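# Sequence isn't available, so here's the structure alone:
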């Protein structure tokens, strides 16, 4: 293991001590927050979002990066005439529905029981938020044309004002502000062409910068999700490697990406490019760069930490080892050498010692694990006994694989031992989830 990661160590999949320290820290933090606030959300939420990364495969990574690069190159426009079905049947109803929903909720909550300037200011805020929501969805869909967005926002405001029973004057004020905002959004286009000054930049960031950033971030989430769903089987096969990489290999020295693999397609919206904007001249440009960083990369960093906090459940994935896919004797022998000399097998053997200690203490000193200040009930003793049995199976099979790795041991026997350990690891993972459910941690 190395102290910090590097681009070369990440490619080789070499673990780092900093990544391991971040994993332990993230796990303790999530459980500490859950115990302090007496809620399971800090523990269960990372488990729910983990498949978005754990099921990623090389094929889905390449496809997602290619799709997003085409989006940044403006090759996926959605227009009324060029792509009528996607525009009229999908994107426009989505903008209308989502914007109307949020505007209605805001209008009902903020506008009734107010009059005069208080009502005008609140109606203006509703119109501005409605414009942001509509523009963000439009940017996420790669739609071009602020007029359509303005009409959509006007329709959403009308529905929201009607539901809230707002007076006509307040609605007219909010609509006027929204339409003026759409006209002022042209300043953002000027800024993108690097012809705007500080004053125009301030207005552009206020009216169009934030929804533009949020829209791109929403697009990146959609691209990653769809690309992952296109290759489910490859994602399942790559799940152990993905988890080992995020927990043991990646650390704070490795910059996050808006879309994995995007740097191989284009430098646009990369970590280096946003850093250049942040360090450029001009207060408003720096502000825009900070907004882009907070929306593009800060969620990615928090997402990485949340995945590291799932160590308590997904750690049996470390014991899963790919089997040789070829019947060629030389390739199988090479697989044997890689298995015995690889750093992952060494990590599995070292992990067996604390696993044995935890399994033993869970039996003889259950109060250290099952009775806490969070008022978690005792689990079923049969479930705990089965958990200890699977832990013992992983330990014994790991030691057997270490002893059977010599050339004199039949290769088919070694493959069989690895297959049994893979099966025990999968069952152990499912049983750990069952144990967590019986404890009330996952419900």
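Sure, I can see it. Because the structure is a prediction, the values reported are computed rather than measured. Numbering: from 1, shown residues only.

# next one: the longest helix belonging to the chain to chain centre, how far?
Counting residues, the longest helix in the chain under DSSP state H turns out to be helix 411-439. Relative to the chain's own centre, helix 411-439 is displaced by 26 Å; criterion: CA atoms, centre = their mean, to the nearest Å.

# Which neighbouring elements make contact with that helix?
Contact partners of helix 411-439 among helices and strands, from 3 or more CB pairs under 8 Å, 6 or more residues apart in numbering; DSSP states H and E: helix 311-314, helix 329-341, helix 381-403. The way it works is simple: take the backbone N, C-alpha and C, and place the C-beta from them, glycine included.

# mean pLDDT for the ones you listed: which is lowest?
Here these differ in mean pLDDT, and the lowest is helix 381-403 at a mean of 79.

# May I see the domains of this protein written out as residue ranges?
Following automatic domain parsing, one gets these domains for the chain: 7-36+211-309, 80-184, 315-439.

# quick one: which of those is nearest residue 64?
For those, the distance to residue 64 is smallest for domain 7-36+211-309, at 3.4 Å, taking CB to CB.

# First-to-last residue distance for the closest one?
Domain 7-36+211-309 has an end-to-end distance of 23 Å (criterion: CA to CA, to the nearest Å).

# How about the contacts made by the spatially most central residue of the chain?
Nearest to the mean C-alpha position of the chain, counting by CA atoms, centre = their mean, stands residue 303 at 4.9 Å. Contacts for residue 303 (CB atoms under 8 Å, 6 or more residues apart in numbering) come out as 49, 53.

# For the helix or strand hosting it, which residues meet the burial criterion?
If you go by DSSP states H and E, residue 303 is part of helix 298-308. Buried residues in helix 298-308, counting neighbours by 16 or more other CB atoms under 10 Å, are found at 299, 300, 303, 304, 305, 306, 307, 308.

# what do you get for stretch 242-261?
Applying a neighbour-count criterion of 16+ other CB under 10 Å, one finds 242-252, 254, 256-261 buried in stretch 242-261.

# Sitting in helices, which of the residues you listed do you find?
242, 243, 244.

# nearest residue to the last one other than its sequence neighbours?
Leaving aside its sequence neighbours, residue 244 sits nearest to residue 318 (CB to CB, 6 or more residues apart in numbering; 6.1 Å).

# returning to that earlier point: residue 59 is nearest to which of the domains of the chain?
Nearest of these (CB to CB): domain 7-36+211-309, 4.7 Å.

# And that closest one, how far out from the chain middle?
The answer for domain 7-36+211-309 is 7 Å, by CA atoms, centre = their mean.

# returning to that earlier point: distance check, the residue nearest to the centre of the chain against residue 341.
Relative to residue 341, residue 303 is positioned 33 Å away (CB to CB, to the nearest Å).

# Export the buried residues of helix 298-308 as JSON lines, with columns for pLDDT and distance to residue 89.
As requested, those are exported to JSON lines (pLDDT from 0 to 100; distance: CB to CB, whole Å):
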{"residue": "299", "pLDDT": "88", "distance to residue 89": "30"}
{"residue": "300", "pLDDT": "87", "distance to residue 89": "32"}
{"residue": "303", "pLDDT": "87", "distance to residue 89": "32"}
{"residue": "304", "pLDDT": "90", "distance to residue 89": "37"}
{"residue": "305", "pLDDT": "89", "distance to residue 89": "39"}
{"residue": "306", "pLDDT": "88", "distance to residue 89": "35"}
{"residue": "307", "pLDDT": "88", "distance to residue 89": "36"}
{"residue": "308", "pLDDT": "91", "distance to residue 89": "41"}
